[in-house]
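Asks: one predicted model, sequence on top.
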Amino acid sequence: MRVVIQRVSEAHVTVAGKVTGKIGLGYMILAGVEENDTEKDADWLAQKIVNLRVFEDDEGKMNRSVMDVGGAVLCISQFTLIADYKKGNRPSFIKAARPEKAVPLFEHFKNQLAAAGLQVESGIFGADMKVSLVNDGPVTITMDSITKN
């Protein structure tokens with residue numbers, strides 16, 4: 001699994017003009033599922049995200065987690081994160097998991113974040129989504145579960 005985490009002061013997603021997820025302070029996470037990913041990948045990433053310390057403490061140092069600041073998560077499925085761009089100029093998405101595998105794994109990932117105590121909002125898997133956010137900092141972190149080994 002591959003994720004892009006952005007520290008935000010606010011974010012929301014709309015589908016067909018209707019807001020399906022909205023948060024204030026927290027993370028906007030784009031998440032892509034690869035064909036070989038498992039629940040262990042989702043669990044590892046969720047745990048890293050919950051404990052990631054990129055919010056400032058009283059001294060201005062990035063020393064607080066999203067849990068520490070009472071933040072929330074807006075989680076957006078994004079198969080394009082799995083793009084293979086090595087050949088030519090048109091990316092291939094052949095390594096991205098098919099919906100029958102990606103949907104349950106994406107839901108498991110969101111459930112792990114929620115089980116840790118986070119408010120989790122999201123878009124609609126496979127829909128044409130419009131995401132708006134205010135990247136705070138800006139702080140943007142990428143993670144890939146392949147690095148867990």
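Replies: It's in. Keep in mind it's a predicted model, so treat the numbers as computed, not measured.
Asks: which SS state does residue 106 fall under?
Replies: At residue 106 the chain is in helix, as set by DSSP: H, G, I helix; E, B strand; the rest coil.
Asks: again, but for the one 5 residues further on
Replies: Reduced to three states with three-state DSSP, the structure at residue 111 is helix.
Asks: run a quick neighbour tally on it.
Replies: Using other CB atoms under 10 Å, residue 111 has 13 other residues around it. For glycine as for every other residue, the C-beta is placed from the backbone atoms N, C-alpha and C.
Asks: and what of the one 5 residues further on?
Replies: Neighbouring residues of residue 116 were enumerated by other CB under 10 Å; the total is 17.
Asks: so how far is residue 33 from it?
Replies: Counting by CB to CB, to the nearest Å, the gap from residue 116 to residue 33 is 20 Å.
Asks: ditto for residue 121
Replies: 19 Å.
Asks: more neighbours: the two, which one.
Replies: A count of neighbours by other CB under 10 Å puts residue 33 above the other of residue 121 and residue 33, at 29 against 21.
Asks: is it true that that one touches residue 104?
Replies: No: contact criterion CB atoms under 8 Å: residue 33 and residue 104 do not qualify, at 9.4 Å.
Asks: what's across from residue 28 in the sheet?
Replies: Beta-bridge pairing for residue 28 (DSSP bridges): residue 6, residue 74.
Asks: hmm, it is touching residue 76, no?
Replies: Yes: with contact defined as CB under 8 Å, residue 28 counts as touching residue 76 (7.1 Å).
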